[in-house]
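Q: Here is a sequence with its predicted model. Questions after.
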Amino acid sequence: MAVYDGLFRVTGLEGWCSSGGPNEGPLTMAELIARANGTQVEGAPAPSVPLMETPFPSLDTLNKSCSSIPRSRDMTQAVEEGFLAIKDPLKVILDPLTQPLSWMLDLSLDGFQATPWFIMIPLLVVIAWFSTRKIGVTVLVALSFLFMAFIDFYDDAISTLSIIFVCTIISVLLGVPIGIAMSRSDTMQRMTIPVLDMLQTLPTFVYLIPLIFLFSVTESKLYGIAIILYAIVPVIRLTDLGIRLVDKDVIEAADAFGMSNRQKLWGVQVPLALPNIMAGINQTIMMSLAMVVIASLVSAPGLGVKVLAGIRNLELGVGLVAGFSIVLLAVILDRSTKAALGRIDSSVRQ
């Protein structure tokens with residue numbers, strides 16, 4: 001007998017419990033021996049459980065007293081079966097919608113890798129100079145890529161950079177309009193914030209679980225979707241926040257000049273909110289880089305593969321050097337975007 005047998009007797013649910021069929025949970029040793037001998041285990045009196053050790057009435061605990069109550073594994077199995085039931089209809093819809101993402105990731109990866117190092121590194125240095133106009137950041141970019149090329153980690157770093165490039169662009173193209181729509185509608189903001197909270201707090205590995213069942217591991221969109229879902233949240237939030245923080249007096253002045261809603265949005269609100277939007281893009285880039293490392297578990301190329309190889313093969317040096325290269329990449333991306341943000345902020349204040 002189980003701890004909560006008396007509860008079901010007192011409430012008169014004993015008949016309902018017995019109609020649920022035999023308990024199919026794990027068998028005890030006595031039950032296994034009895035089944036092997038073709039006999040049955042006689043019911044033993046319920047052991048006296050101290051009050052302070054009374055187990056919580058969870059599904060598994062109650063199932064021991066009432067087989068009609070499902071177990072926790074029945075619930076998880078139902079979730080799995082429900083997902084598998086809608087898997088094929090979802091693939092029919094999602095495959096054509098997400099296929100361009102695979103093409104973009106593959107083309108970007110091929111383009112970055114096909115460009116010789118003596119063209120790519122100077123090009124990255126020039127981009128860093130024109131976006132930041134800071135000698136320190138520009139020199140840091142040049143030295144970092146030269147160092148990674150010197151230790152033969154250049155190809156992996158460029159692969160990681162190409163994935164971040166595509167996923168950041170898509171995150172911005174999707175996130176900024178969503179943030180603008182949120183800023184213009186309180187109802188949409190209330191509906192969107194719980195979704196953003198879920199995406200931001202969901203563990204990174206959990207993003208990969210449903211995607212593995214929906215897409216093939218060999219498809220680039222598998223890790224691309226995971227990166228975008230994880231990294232898109234900051235740019236949405238900060239776009240919404242930036243537009244809502246625009247001074248009301250400025251909006252009233254725009255209304256006094258007879259500007260339409262579209263003119264106010266693109267001529268006043270978005271330019272004034274640009275520092276916040278750029279801060280969101282900075283965080284999106286950092287989160288994309290973090291997720292690229294995790295996505296190496298599902299065939300994402302780049303520095304994450306080296307980290308994973310170091311863990312699997314117990315190669316301490318490979319893992320540490322790859323981790324240091326990821327840190328270098330994160331630092332130059334962060335410094336470059338922050339310097340660009342500073343330039344935009346100063347131009348807005350002028």
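A: Yes, it's here.
Q: any idea of the mean pLDDT in the host helix or strand of residue 129?
A: Assigned by DSSP states H and E, residue 129 belongs to helix 117-132. In this model, helix 117-132 has a mean pLDDT of 92.
Q: what comes up buried for it?
A: Within helix 117-132, the residues that count as buried by 16 or more other CB atoms under 10 Å are 120-121, 124-125, 128-129, 131-132. (C-beta placed from N, C-alpha, C; glycine too.)
Q: Which of these sits closest to residue 109?
A: Within the buried residues of helix 117-132, the smallest distance to residue 109 is 13.1 Å, found for residue 120 (CB to CB).
Q: what about that closest one, distance to residue 217?
A: In this view, residue 120 and residue 217 are 28 Å apart by CB to CB, to the nearest Å.
Q: what do you get for residue 223?
A: From residue 223 to residue 217 the distance is 9 Å (CB to CB).
Q: what residues do these two have in common as contacts?
A: Shared contacts of residue 223 and residue 217, defined by CB atoms under 8 Å, 6 or more residues apart in numbering, comprise 298-299.
Q: Which residue of those two possesses the greater neighbour count?
A: Taking neighbours as other CB atoms under 10 Å, residue 223 and residue 217 compare with residue 223 leading, 29 against 12.
Q: Return the residues in contact with that one.
A: Residue 223 neighbours (CB under 8 Å, 6+ apart): 163, 292, 295, 298-300.
Q: Now render the buried residues of helix 117-132 as a markdown table, adding distance to residue 267.
A: A markdown table is the format used below for the buried residues of helix 117-132 (distance: CB to CB, whole Å):
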| residue | distance to residue 267 |
| --- | --- |
| 120 | 38 |
| 121 | 39 |
| 124 | 34 |
| 125 | 35 |
| 128 | 30 |
| 129 | 30 |
| 131 | 24 |
| 132 | 27 |
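Q: Would you tell me which helix is longest in the protein?
A: Longest helix in the chain, counting residues (DSSP state H): helix 72-114.
Q: what angle do it and helix 117-132 make?
A: 110 degrees (axes from the mean of the first three to the mean of the last three CA atoms, to 10 degrees).
Q: tell me the mean pLDDT over helix 72-114?
A: 90.
Q: Give the other helices and strands that it contacts.
A: Applying 3 or more CB pairs under 8 Å, 6 or more residues apart in numbering; DSSP states H and E, we find helix 72-114 packed against helix 59-65, helix 154-184, helix 204-214, helix 220-244.
Q: go with 10 Å
A: Counting contacts by 3 or more CB pairs under 10 Å, 6 or more residues apart in numbering; DSSP states H and E, helix 72-114 is packed against helix 59-65, helix 117-132, helix 154-184, helix 204-214, helix 220-244.
Q: Run through the strands of the stretch 201-350 of the chain in chain order.
A: Assigned by DSSP state E, counting those that start in this stretch, the strands in the stretch 201-350 of the chain number zero.
Q: so where do the helices sit in it?
A: Along the stretch 201-350 of the chain, the segments classed as helices by DSSP state H, counting those that start in this stretch run 204-214, 220-244, 248-256, 261-264, 270-294, 303-312, 316-349.
Q: Any regions of the stretch 201-350 of the chain where pLDDT drops low?
A: Scanning the stretch 201-350 of the chain with the threshold set as pLDDT under 70 gives 345, 347-350.
Q: quick one on the thing from earlier: let me know which of the helices of the stretch 201-350 of the chain is tucked in deepest.
A: helix 220-244 (a mean of 24; mean count of other CB atoms under 10 Å).
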